[in-house]
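Trainee: Build me a model from this:
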Amino acid sequence: MTHDMVATLRPLLAAEASAEAYASGAEQSDLEQAVWLRLLERLDAGGPPVDPQGWVRRAVRSEARRSRRTARIELPYAAEPADDRGPGPEQQAMTADRRRALHAAVRRLPGRCPSLMAALLSPEDLTYREIAGELGISQGSLGPERSRCLGCLRRLLTVEVAAC
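Mentor: Next up is the predicted model:
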């Protein structure tokens, strides 16, 4: 009996779902699937409907209304604006790689340069006074020392870039 009912209702359900799909903003196949699921639940709960054709028409309209209500409440992911203010994953990976290469080059600098450059590159954004106090040098000699260290770093990185 169930197989015959499914075979009988299939064309009716397809026609009804096709008629309601566009107005509800749903896919025809989604409406059909929802109605088949409701029919299976009904068969499990209490048997087949008395008027199967009328039940299918009412079930399709009910699912179409539910789909319209859901569409008004929910925002699809595609409608949300893309957050392209920040760098993408590729850019983040390249930035991290450059940062690692820079810190590795800073560690190879001579004398006090590694500690001075590490302080300048610190995420804590230290002031010249704090850096000078941390390194035990005068604040006035910090600028010339920084220039000398940056020159060394520039020469070191130029040789590495040329080798690539």
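Trainee: neighbouring contacts of the lengthiest helix in the chain?
Mentor: Secondary structure assigned by DSSP state H gives helix 139-163 as the longest helix of the chain. Helix 139-163 has contacts (C-beta atoms under 8 Å, 6 or more residues apart in numbering) with 101-102, 105-106, 108-110, 112-113, 116-117, 120, 128-129, 131-132, 135, 137. Placement of C-beta: from N, CA and C, glycine included.
Trainee: hmm, try it at 7 Å
Mentor: 105-106, 108-110, 112-113, 116-117, 120, 128-129, 131-132, 137 (C-beta atoms under 7 Å, 6 or more residues apart in numbering).
Trainee: I'd like the average pLDDT over it.
Mentor: Across helix 139-163, the average pLDDT comes to 87.
Trainee: Out of the contacts of helix 139-163, grab the one that's most surrounded.
Mentor: The residue in the contacts of helix 139-163 with the most neighbours, by other C-beta atoms under 10 Å, is residue 116 (23 neighbours).
Trainee: What's the separation between it and residue 104?
Mentor: 16 Å (C-beta to C-beta, to the nearest Å).
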